[in-house]
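> I need the structure of the sequence given here:
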Amino acid sequence: MYSGETYDFQYPGGFAKGFIIGPLVVEYSGTVTIECKKTGFYAVIEFKKRPFFGGGDYNLVSGKIYEYDHKKPIYYLSGHWDAEIYLSTSKHSSNNKVVLWNPIQEALPARPVVYKPKKIRNGNF
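Predicted coordinates for the structure are as follows:
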């Protein structure tokens, strides 16, 4: 980051699923735009939710980074928001991927965050 830069963004939507069937999991979903008004660079990042049926990974993200006057992305993002996120210059190439984000393991709970309630016995938990 350069001196004096500020970034505007909104958080993705968060929701819980698995109240009736499956484990209780909190997920983020939606599109987030991160913008630096000083440089004009901005990123559009999609937080993808796991399908209700059919499985798939939790906590997936993908996105594109743009210069202020370009309509074509200059970089692409992909990965898991709670693990590694990769940066590349091509959407479909794995040859030029570099790690952009890799949180330390000590700071992370196990993925996905799952809550399993205790069994009910005689109406008590």
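> can you list contacts of the lengthiest strand in the chain?
The longest strand of the chain (DSSP state E) is strand 24-35. For strand 24-35, the surrounding residues in contact (Cβ atoms under 8 Å, 6 or more residues apart in numbering) are 7-18, 41-50, 58-59, 81, 112-117. Where you see a C-beta, it was placed from the backbone N, CA and C, and this is true even at glycine.
> 7 Å instead?
Contacts to strand 24-35, defined as Cβ atoms under 7 Å, 6 or more residues apart in numbering, come from residues 7-10, 12-18, 42-47, 49-50, 58, 112-115.
> Heading C-terminal from it, find the next helix or strand.
Using DSSP states H and E, the helix or strand that directly follows strand 24-35 along the chain is strand 42-48.
> In that following strand, which residues are buried?
Using 16 or more other Cβ atoms under 10 Å as the test for burial, strand 42-48 gives 42, 43, 44, 45, 47, 48.
> which one of the residues you listed is nearest residue 3?
Nearest to residue 3, judged by Cβ to Cβ, of the buried residues of strand 42-48 is residue 42 at 19.3 Å.
> mind listing what the closest one touches?
For residue 42, the contacting residues are 33, 34, 35, 66, by Cβ under 7 Å, 6+ apart.
> What's the PyMOL line that selects buried ones from the residues you listed?
Listed next is the PyMOL selection for buried residues among these, using 16+ other Cβ under 10 Å:
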select buried, resi 35+66
